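# For reference, the sequence and a predicted model appear below.
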Amino acid sequence: MENQTPPPPSSSPTNTPSQTPRVRSKAMILLILGVVMLMPPVATIFHLESKILGVPITLLYLMAAWAALILGAALLSRQLMAISDRQDAP
Amino acid sequence: MTISGDVLLAVCLLYVVVLFTVAFFVDRATARGRMGWLRSPVIYTLAISVYCTSWTFYGAVGSAARNGLEFITIYLGPTLVFIGWWWMLRKLVRIGREYRITSIADLISSRYGKSPSLGVLVTVIAVVATTPYIALQLQSVTRSYEAVAGNTDSTSTALWVAVGMAIFTILFGTRNLDANERHHGVVAAIAVEAIVKLFALLAVGLFVVIGAGGVYEIFSDVPSEVIYGGEEIFGPRWVALTFLSATAIICLPRQFQVTVVENVDERHLATASWLFPLYLFGMCLFIMPIAIVGLKSMPVGSNPDLYVLTLPLAAGRDELALLAFLGGFSSATSMVIVAAIAVSTMVSNHIVMPVALKLMSTGREVSGDVRNLLLTARRMSIAVVLGLGFLYFQLSGGSDALAAIGLIAFVGVAQFLPGLLGGLFWKDANRAGALVGLVIGALIWAYTLFLPSFDGAFLLSQAVIQNGPWGIQELRPQALFGLAGFDPLVHALVWSVGLNAILFMVVSILTRPSPLEQLQAVQFVDIFRISDNAPSTFQTGAGHVEALFVLAQRILGSEQARVLFDRLARQQGVSTGLPQPTDDLVRRLERELAGSVGAASAHAMVSQIVGQAPIGMTQLFDIADETQRLIETSHQLREKSAELEEAAQKLREANELLRTMDKRKDDFLSQVSHELRTPMTSIRSFSEILLSMQDVSPAEQARFVGIINEESIRLTRLLDQILDLSHLESGTLEIPTEHLDTRAVAELALSTVSGLARERKVIILREFPMQPVFASANGDRLRQVLINLLANAIKYNVHPDPEILVRLDHGPAGEVLLDVIDNGGGVSTAEARSIFDKFVRGDRASMDQGAGLGLPISHALMQAMHGDLSVQFAEDGTSYFRVTLQPVPQTAVNAAE
């Protein structure tokens, strides 16, 4: 039924049906991953006394998880940009 | 302490001059339409980093020194929002741009039916939460100033900073009432400040790490309590703080200002989604090392909040200390400027303007234009907000309690979250729910967190904080309803935001929204789906346009109003004069004005002029998405049922056709058996006579055998014909065609039937052209068809002087036409339709001489040769047979000749 719904007339730029939900889902997964990694109980697993290269593991883990999230967001942002570009096209 | 107060002052002034210059030139470039690199997403991201105030610059190290890693949660929350929830931010930005939202108070008020009371409430909460925060910035500047330049008069330092910031903000924040409420100069200055503070913090961090002998050395002999705070680092407070900071990045008035209002391009959010977390990451990189080195090397009792400054000073690195001071100064000033702009916009739009409108509507005509009033209101608001901050700083005496104010303010603005998110994603959210939730949430926040933070100095006494009002233990502010044993912050957060959200939802469900609220709900929630054709809520008359023009002049200034109305008129196709008073005009004007005075005020002013008509139910139906979807669905259903009906009709027709064909087949079979039966009967009877009767004369015997033979031949011919017909009809009979002279074939056919014609005394006339007429056909088959036609014409001609005319000619399209015309009466139009069906004999063929298969076979033969056999009617009503043949291309003709 969904694909037979006629597009609303003269609508403002709407989301590209196939792309946006995918990027959205990826962002959603990134968010969930971030929450899981940075919140208890998962974060508690890395709450250890030992150190790597002199840096406490917990601090190292938090910074590494953070950096990974930023990297993920940077990769996603390219796709975001592509979608926004298409949307802005008349 | 080798830096004198004078040098420090000079550096500060120089820095401020740089900021002024940047803001000035950027504003000028913007005014000339040269945005260029200013539209870069990097500038946008740097502006968002106004999140990092001096509370971050100095306070993060202090927090790390006291509570270990916990400080990082303040930056993890915003990181999570930006990396994963950008579409919520994008929705905010889109709504902000579509409806010219000027502040978070404007957004919430607009969403809930342009409610003035909600606007006031949000503004008050924002002012209450922002004032201590501004005081905190003033305090950090004065303390850092003292730390570098020795003891000075802290009051005058704070006063000078406040005044300087007020001047900057008034100059660049209220230069004009931009329809979009954007301040490019301010944003550029904030971006510069963002770079300064990041650079300063990284520089100090690198210096500290290198000075302490590397990372390994720093963490070597640190007890784990220092790094992890308590034993339960990932506990409720960790979760609560992350949630709180995530909320703050959305709800803080200054964040709303830079993220939503100052956004020039939605796509910038895509870059900010990773660049802003990266900026936060950079800010946090060296916090922990600085805190640990500070704890190790600084004398006991020194303020950890100032390690960033005192560590370089202690090492004798004055230039680095100066850089650090500038970093702290820039983070404080950027926060003060943006917060002042954001809060003053709210105050002027939601408190001052409504009051002014009340005054105007009570009859007294305000002589000056509204624009001046508005600008003055905004400038006054900035002065008042900064004055309040200064006053708060003075009254609190620069106490350490101020350090906790950052998180307290976070919980305060977190009260906006339920109403904001509900407004964005939930259509049933209404004004009553938002109002009740906000009021209760704010009261609980004040009671459980804000007032106790004064330690009994303001409103709540120590005794009440300890034992509850009137000694009622259940009402203790920090253990409300017996919920004891929690961190005060977590406690306040759970109660205030929790009750706020629950009341918001419950009241929203239990109360009915007004039509205007429903309208706004749909327009906000479905911002990506609806087009720009929302129905108007106004009844407009021609006389209103002038009044609207005057109003626009008052608010925007005469020049801008003229430009706006000219544009509106041009868009309507009106070349001169004022635009037509359409609903669209009113709506767009209201939107433009909302960019200056906020939606609630703009709505009030415009409806004062054009008069508000209640929204008709039909209009609501038009936009109410649910209804629209219903209508669409029922429309689709109707289309589907029509399709079904059509299909059923086709089926019925096909069924009918099948039935007639079946009947025709039955008829055919009975005809065939009848046709076969007649010769078979005579063959049988004569052969029986021959068998049973011995005394048959030889002459009679010969006659009987002749009849049997004749009948057998007839039978064979009939069977051949049926066989032919079935082959032709099934398409299995291939008839090879060649290019031949039709004239010759016709002559041959005529000579074949000439004997019969003579016998019946039929005269045959020819009308042939002189040259051969070439066509594509099979000679034998064509002759068969012609013989059949001619034989019919001869046999069934009942005219006293029977005549047949055979005419050969070219048709209009070059095709070859062979007409067989007789004067025997022709066929009727009704007959013409069925004459090519099997076993149908024309009325003329009364005497049974053929099986009625000749014409159908001829017809099928002609079709197989890509020609045609048809009945034509002449003008005088007589009919004749026409054989149509495919012509031969001229080149082929030449080759044939």
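Yep, it's here.
# switch to C-alpha atoms for all contacts and neighbour counts from now on
Fine.
# Contacts for the least confident helix or strand in chain A by mean pLDDT, please.
For chain A, scoring each helix and strand by mean pLDDT, DSSP states H and E identifies strand A:51-52 as the least confident one, at a mean of 78. Contacts made with strand A:51-52 from outside it, assessed by C-alpha atoms under 8 Å, 6 or more residues apart in numbering or on different chains, are listed as A:Ile57.
# Verify the contact between A:Phe46 and A:Pro56 for me.
No: in this structure, A:Phe46 is not within contact of A:Pro56 by C-alpha atoms under 8 Å, at 10.0 Å.
# who has more neighbours, these two?
Neighbours around A:Phe46 and A:Pro56, counted as other C-alpha atoms under 10 Å in any protein chain shown, are more numerous at A:Pro56. The numbers are 22 against 17.
# Not counting sequence-adjacent ones, nearest residue to the more buried one?
A:Ser50 (6.2 Å; C-alpha to C-alpha, 6 or more residues apart in numbering or on different chains).
# Packing partners of the longest helix along chain A?
In chain A, taking DSSP state H as the definition, the longest helix is helix A:57-88. When contacts are defined as 3 or more C-alpha pairs under 8 Å, 6 or more residues apart in numbering or on different chains; DSSP states H and E, helix A:57-88 packs onto helix A:19-38, helix B:73-84, helix B:268-284.
# Which residues are in contact with B:Ala64?
The contact partners of B:Ala64, taken as C-alpha under 8 Å, 6+ apart, are B:Glu70, B:Phe71, B:Ile227, B:Ile287, B:Met288, B:Ala291.
# can you check B:Asn500 too?
The neighbourhood of B:Asn500, defined by C-alpha under 8 Å, 6+ apart, consists of B:Gln415, B:Pro418, B:Val436, B:Gly437, B:Leu438, B:Ile440, B:Gly441.
# go on, B:Ser496?
Counting by C-alpha under 8 Å, 6+ apart, the residues that B:Ser496 touches are B:Gln415, B:Ile440, B:Gly441, B:Ala442, B:Leu443, B:Ile444, B:Trp445.
# so where's chain A shaky on pLDDT?
Chain A contains residues with pLDDT under 70 at A:1-21, A:83-90.
# Can you report how many residues lie near residue 25?
All of this refers to chain A. Neighbours around A:Ser25, by other C-alpha under 10 Å: 12.
# Not quite, go with chain B.
Counted with other C-alpha under 10 Å, B:Phe25 comes out at 14.
# Please identify which helix or strand holds it.
Element membership for B:Phe25, per DSSP states H and E: helix B:5-31.
# Can you report phi and psi for the spatially closest residue to B:Leu92 that is not a sequence neighbour?
For B:Leu92, ignoring the flanking residues on the chain, the nearest one in space by C-alpha to C-alpha, 6+ apart is B:Val260 at 6.6 Å. Dihedral angles of B:Val260 (phi, psi; degrees, to the nearest 10) stand at phi -100, psi -60.
# do B:Phe768 as well
The phi/psi pair for B:Phe768 (degrees, to the nearest 10) is phi -110, psi 150.
# Just want the residue of the stretch 101-250 of chain B that's nearest chain A.
Nearest residue of the stretch 101-250 of chain B to chain A: B:Tyr216, at 4.2 Å (C-alpha to the nearest C-alpha).
# From A:Ala67, how far off is that residue?
Here B:Tyr216 is placed at a distance of 21 Å from A:Ala67 (C-alpha to C-alpha, to the nearest Å).
# try B:Ile287
16 Å.
# do B:Gly877 as well
With distances taken as C-alpha to C-alpha, B:Gly877 is found 96 Å from A:Ala67.
# ok, longest helix in chain B?
As assigned by DSSP H, the longest helix anywhere in chain B is helix B:625-692.
# and after that helix, which helix or strand comes next?
Sequence-wise, the next helix or strand downstream of helix B:625-692 (DSSP H and E) is helix B:698-730.
# Just give me the neighbour total for the residue lying closest to B:Phe329 once chain neighbours are set aside.
Ranked by C-alpha to C-alpha, 6+ apart and with sequence neighbours excluded, the top spatial neighbour of B:Phe329 is B:Val141, at 6.0 Å. The burial metric for B:Val141, expressed as a neighbour count using other C-alpha under 10 Å, is 25.
# B:Ile821: helix or strand, and which one exactly?
B:Ile821 belongs to strand B:816-822, assigned by DSSP H and E.
# Show me what that strand is in contact with.
The set of residues external to strand B:816-822 that reach it, using C-alpha under 8 Å, 6+ apart, is B:773-775, B:789-790, B:793, B:797, B:802-811, B:879-887.
# List buried residues within those residues.
B:773-775, B:789-790, B:793, B:797, B:802-810, B:879-887 (16 or more other C-alpha atoms under 10 Å in any protein chain shown).
# which ones among those come in contact with chain A?
When contact is defined as C-alpha under 8 Å from any C-alpha of the partner chain, those do not meet chain A at all.
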